[in-house]
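> Give me coordinates for this.
(one chain, ligands or ions: 2)
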Amino acid sequence: MVHFSPFVVSFKKRYPWVQLAGHAGNFQAGEYGRLLKRYCESEQQCLEKLMKDMLRPYVPGYYGVVQRDEQDYNLMDDLLAEFDSPSIMDCKMGSRTYLEEELKKARERPRLRKDMYDKMVAVDPGAPTEEERAQQGILKPRYMQWRETLSSTATLGFRIEGIKKADGTCNTNFKKTKNREQVMQALEDFVGGNTQILKLYLQRLEEIRLVLEQSQFFRTHEVVGSSLLFVHDASGKARVWMIDFGKTVPLPEPQTLDHRTAWVEGNREDGYLWGLDNLIDIFSSMLPKTP
Ligand SMILES: O=P(O)(O)O[C@H]1[C@H](O)[C@@H](OP(=O)(O)O)[C@H](OP(=O)(O)O)[C@@H](OP(=O)(O)O)[C@H]1O
Ligand SMILES: Nc1ncnc2c1ncn2[C@@H]1O[C@H](COP(=O)(O)OP(=O)(O)O)[C@@H](O)[C@H]1O
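Ligands and ions are numbered 1, 2, ... in the order given. Predicted coordinates for the structure are as follows:
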């Protein structure tokens, strides 16, 4: 599937809405302040459980499944609704961006992806191997791993997917934003040098980490491909939420994860908290030192 992003969607002209990453055509406007995301069963199950977990304040409010034009959707809060000309950033969390299941599938029923080959060549014509070049296709885990090592996912446990600033400029070209300095520069540009916003983001990230470390939901789920959505505006409001639970799956009982241990196939660790530790460390180091 080809991804086009960002998508600027006029939600019935009430306010402009931006989709920074993800699958094209996945979202529709709901009633004011809510949006419809194309139905995904694992996401529905997660959102239902999250409404009863201590993580509830840090995810969009969830209102069940609705149908429109014969298509099912998950109905949730639009996190942009309370902001005026918001600046938005999507950070994909974790050191692994595909489920272990994808590895199994690729071994048992290998399916060459021409679209992924094309996306790879568009970024780096030298990246495919001889064999891949001959086949004009690659396996999904190979593409996902290549994206992880090209960006900061493998080295820092998160990557920036997209940034839209209040002035309307939008950048989704962070595929090669890899080292700490490059990430810091992008974050600096996102907050526009506003120390107050930086402090609010840092506080919220520390709060989220504290709650994640105690959450029953988080302990018992492999959280892959989920993002932190950062939103601030000129009024000085700045918040962060967890979004996208399409690849968040429950572990078989009694297995739990600490989300910091390095991944080896079979242990299902996702590196989410390791990435959050690094993100917090980077935000902290961007604040001026207090004497
Ligand atoms: O970002 P680019 O380089 O375009 O690659 C995308 C993302 O990794 C998607 O992950 P996410 O949804 O976490 O953003 C993934 O979707 P899923 O793994 O969720 O399906 C896509 O796989 P395909 O949907 O198989 O194309 C893959 O093509
Ligand atoms: N609840 C929400 N409120 C506001 N914006 C959202 C919300 N959920 C997603 N988005 C926007 O849509 C983008 C893609 O969301 P995501 O859930 O990751 O989609 P996908 O499952 O297609 O990858 C995010 O980067 C963000 O810009």
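> Spell out which parts of the stretch 101-250 of the chain neighbour ligand 1.
Proximity of the stretch 101-250 of the chain to ligand 1, by CB under 6 Å from any ligand atom, involves residues 119, 140, 144, 147, 225, 246-247. Placement of C-beta: from N, CA and C, glycine included.
> Run through these and flag the ones next to ligand 2.
When contact is defined as CB under 6 Å from any ligand atom, these meet ligand 2 at Gly246.
> Inside helices: which ones of the residues of the stretch 101-250 of the chain next to ligand 1?
The members of these that map onto helices under DSSP state H are 119, 140, 144, 147.
> which residues sit in contact with the second one?
Read it as Lys140. Shown in contact with Lys140 (CB atoms under 8 Å, 6 or more residues apart in numbering): 98, 102, 105-106, 111, 113, 116.
> rerun at 7 Å
Going by CB atoms under 7 Å, 6 or more residues apart in numbering, Lys140 touches 98, 102, 106, 113, 116.
> tell me which of those residues is nearest to Gln203?
Gln203 lies nearest to Tyr98 out of the contacts of Lys140, by CB to CB, at 31.9 Å.
> isn't that closest one right up against Trp146?
No - the pair Tyr98 / Trp146 is not scored as a contact, 11.4 Å apart, by CB atoms under 7 Å.
> Get me the contact residues on the protein for ligand 2.
By the rule CB under 6 Å from any ligand atom, the part of the chain lying against ligand 2 is 18-23, 26, 35, 60, 76-80, 88, 90, 227, 229, 243-244, 246.
> any idea how far stretch 86-93 is from the chain center?
Relative to its parent chain, stretch 86-93 has a centroid offset of 8 Å by CA atoms, centre = their mean, to the nearest Å.
> export it as CSV, just CAs?
C-alpha atoms of stretch 86-93 as CSV (Å, rounded to 0.1, in the frame of the first residue of the first chain):
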residue,chain,number,x,y,z
PRO,A,86,-1.9,23.7,16.6
SER,A,87,1.7,22.6,16.0
ILE,A,88,1.7,18.8,15.8
MET,A,89,4.4,16.1,16.0
ASP,A,90,4.0,12.3,15.6
CYS,A,91,6.8,10.2,17.2
LYS,A,92,6.6,6.4,16.6
MET,A,93,7.7,4.7,19.8
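> So for this protein, the centremost residue is which one?
With distances taken as CA atoms, centre = their mean, the residue of the chain nearest its centroid is Ser227 (2.2 Å).
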